[in-house]
Every structure is written in C-alpha cells, then in structure tokens.
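>>> Have a look at this prediction, sequence included:
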Amino acid sequence: MRWLGVILLLGFVVVVLLQLGWQMYSGLPGNVDYYLHRGKYQSILARVKALQLYPGAQTITRVDGLLVNVERDRSGSYTVTITTVDWNHAGVYGYVFSDASLTPHPNMNYPDFISVDNPGEMPFADKSIIGQDGHWWTVYNNLL
C-alpha cells in the first residue's frame with residue numbers, strides 16, 4: 001500500500017513538472033512565463049512608452065522581435081499588447097499591460113468569454129497576472 005502512495009505522488013510530481021516545462025518551453029503567457037521574463041516585458045514597455053505617442057493615438061511596432069500594439073488614451077494612459085506566441089490559425093497569445101487597472105467584462109461577440117479592453121487582435125482575456133493588481137493580463141485569440 002505504501003508503494004501505491006509513492007507511485008501516485010511521483011506521478012503527480014512528474015505531471016506538474018511536465019506542465020511547468022511546457023509553459024516555459026512554449027512561451028505561452030502565464031504567471032510562470034511572466035515572472036521568468038519580467039525584465040524583458042518591462043523593458044519592452046519602457047521602450048514603447050519612450051515613443052511618446054500623442055494622447056488618443058495608436059501604433060503597431062516590433063520590439064525584440066515581438067509584435068506590440070500600443071494605444072494611448074486621451075488622459076495619457078498607455079495600454080500595450082505584446083504578442084509572445086503566434087501560431088497562426090492555432091492561435092495568438094500574449095500579454096496586455098495598462099497604466100490603469102483593467103476590468104474584465106463579457107466579450108461583446110462571444111459573451112461566454114471574458115475580455116479586457118486592449119489594442120490589437122487578441123480580444124479574449126485569460127487571467128490577471130498574480131501580484132500585478134490588474135495591470136498585466138494574459139490575452140489570446142484562438143478563433144483565427
């Protein structure tokens with residue numbers, strides 16, 4: 001009976017490690033990826049804000065090889081969407097940052113999915129990044 005418990009525990013550990021490894025390898029956004037590459041994403045954000053967009057303007061650029069959609073609202077706050085994975089018809093995944101905390105709401109066209117208001121082609125929000133007070137979210141579009 002003790003061996004059964006050991007085998008089940010080892011199986012659980014292997015599954016958790018495989019999931020963690022997959023998330024790190026695939027580049028899919030989430031808490032693990034964000035905190036492992038936080039410096040990179042913060043650097044992208046700083047470089048995008050250095051562009052000095054006029055209030056009310058939007059632009060699309062590439063930073064460190066990643067597609068970045070930038071929007072500055074009339075009050076001067078930035079909302080930035082960073083595409084970290086583009087698998088074409090298999091989906092697009094990334095992060096959205098906003099100076100103002102983002103609030104999830106049902107998607108207008110797909111009410112079973114939640115959204116946060118962000119520039120770019122990723123209308124669906126997955127989750128808020130832990131410890132970021134709603135300023136960083138994972139977003140995706142798997143309807144391509």
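Thanks, I have it. Numbers count the residues shown, from 1 in each chain.
>>> Quick one: list the elements packing against the strand ranked longest in the chain.
Using DSSP state E to define each element, the chain has its longest strand at strand 78-86. Packed against strand 78-86 by the contact rule (3 or more C-beta pairs under 8 Å, 6 or more residues apart in numbering; DSSP states H and E) you find helix 38-49, strand 66-72, strand 92-98. The C-beta positions use only the backbone N, C-alpha and C, and glycine is treated the same way.
>>> Let me know the next secondary structure element after the lowest-mean-pLDDT helix or strand in the chain.
Ranking every helix and strand in the chain by mean pLDDT, DSSP states H and E puts helix 2-26 at the bottom, with a mean of 65. Counting by DSSP states H and E, the next helix or strand C-terminal to helix 2-26 is helix 31-36.
>>> Is it correct that residue 79 is in contact with residue 120?
No - under the criterion of C-beta atoms under 8 Å, residue 79 makes no contact with residue 120, lying 9.5 Å away.
>>> Spit out the residues that contact the two alike.
Residues touching both residue 79 and residue 120 (C-beta atoms under 8 Å, 6 or more residues apart in numbering): residue 96.
>>> what is the mean pLDDT for the longest strand of the chain?
Averaging pLDDT along strand 78-86 yields 96.
>>> Just the residues contacting it, thanks.
26-29, 33, 41, 44-45, 48-49, 53, 66-73, 91-100, 102, 117-120, 122, 139.
>>> can we see that at 7 Å?
Contact with strand 78-86 is made by 26-29, 41, 44-45, 48-49, 66-72, 92-99, 118-120, 122, 139, as judged by C-beta atoms under 7 Å, 6 or more residues apart in numbering.
>>> in it, what's buried?
By neighbour count on 16 or more other C-beta atoms under 10 Å, the buried set for strand 78-86 is 78-85.
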